[in-house]
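Student: Just the structure for this:
(one chain, ligands or ions: 1)
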Amino acid sequence: MPARFTKMHGIGNDFVIVDWREDAGRVPNAARIQALADRHTGIGFDQLISIEPARDPSCEFYYGIWNADGSPSGQCGNGVRCVAAWLYRDGAIARDVPVRLESPSGPVVVRVLDEGTVTVDMGEPDFTPAHIPLEHAAHATYTLQVDGEDVSFGAVSMGNPHGVVFVDDVADPRVDRLGPLLTAHPIFPQGANIGFVQRVAVDRLKLRVHERGSGWTRACGTGACAAAAVAHALGLATTDVAVELPGGTLTISWHGPGHSLWMTGPAAFAFEGEV
Ligand SMILES: N[C@H](CCC[C@H](N)C(=O)O)C(=O)O
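Tutor: Next up is the predicted model:
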């Protein structure tokens, strides 16, 4: 039986959204996800995202997240903005009202500002190594020998694992080499999304992310959150930061430990389809 889907993106990080509200608890086959994610022989996407009935009674809906390689994830920042926009267009949630949605790593709160803009309370960044997870004692920054050079990075969980490397120029070819090596490094037992941050100003960062399970993407919402959180924690960025990714800019606001981190940005519809 053909299945309907909606193709969406958050500043170029692209998704297939499937409505499984009548179909709770499906666990999609990794090989099937890989086939659909293929940009030549499938639909093509960075992540598959399902909309399902909430398991947590305090939440309105649950959303599942799978990378292009079929691996699951605990959070997707650009994706949850698209889920909110999808539910708003469907009439399932209202505009300008905080709505709790349940991710695999726990609840977040979304608010649809207008058809194409969503703000999200992403919860508090978690720097505890065991929660990232990261195989190391807790430090402000970590240093690894990678590809014959010392690489320093910050590490944080936004519900999924992130490493954050500060560089002088995100266009440096060294970045292309280090991304996959760090994503797969054993210090991250579940892999990691690796962001390379160029500090343009105290309130403006340039960012490229090599995503676990999907590779280089045009944007990574949790990656923007992680970059802003690590930069703020290291005293390199203020509380309100514009994060410029290849696909566009996100606004991140974080007032430090004990506070939620807010992410605001676009969500766009591309097309509907059946597969
Ligand atoms: N690749 C990520 C999931 C998608 C994150 C990204 N697309 C975002 O917008 O946060 C992981 O395996 O944790």
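Student: only C-alpha atoms for contact and neighbour calcs from this point on.
Tutor: Fine.
Student: Tyr162 and Val156 touch, don't they?
Tutor: Careful, residue 162 is His and not Tyr. Yes - proximity of His162 to Val156 meets the contact threshold set by CA atoms under 8 Å, at 5.4 Å.
Student: between the two, what contacts are shared?
Tutor: Contact criterion CA atoms under 8 Å, 6 or more residues apart in numbering; residues shared by His162 and Val156: Ile132, Ala226.
Student: who has more neighbours, these two?
Tutor: Using other CA atoms under 10 Å, the more surrounded residue of His162 and Val156 is His162, with 33 against 26.
Student: low-scoring pLDDT stretches of the protein, where are they?
Tutor: Within the chain, the stretches with pLDDT under 70 are 1-2.
Student: Show me how it divides into domains.
Tutor: Residue ranges for the domains of the chain, per automatic domain parsing: 4-122+267-274, 129-258.
Student: Which residues of this protein lie near the ligand?
Tutor: Residues of the chain found near the ligand (CA under 6 Å from any ligand atom) are 67, 73, 75-79, 160-161, 211-214, 220-223.
Student: Show me those residues that map onto strands.
Tutor: Judged by DSSP state E, strands contain the following of those: Asn67, Pro161, Glu211.
Student: got a winner among those for most neighbours?
Tutor: Highest count within these by other CA under 10 Å belongs to Pro161, 31 neighbours.
Student: Please look at that one and Ala130 and confirm they touch.
Tutor: No - counting by CA under 8 Å, Pro161 stays clear of Ala130, with 10.5 Å between them.
Student: Validate this expectation: Ala140 resides in a helix.
Tutor: No - secondary structure of Ala140 (DSSP: H, G, I helix; E, B strand; the rest coil): coil, not part of a helix.
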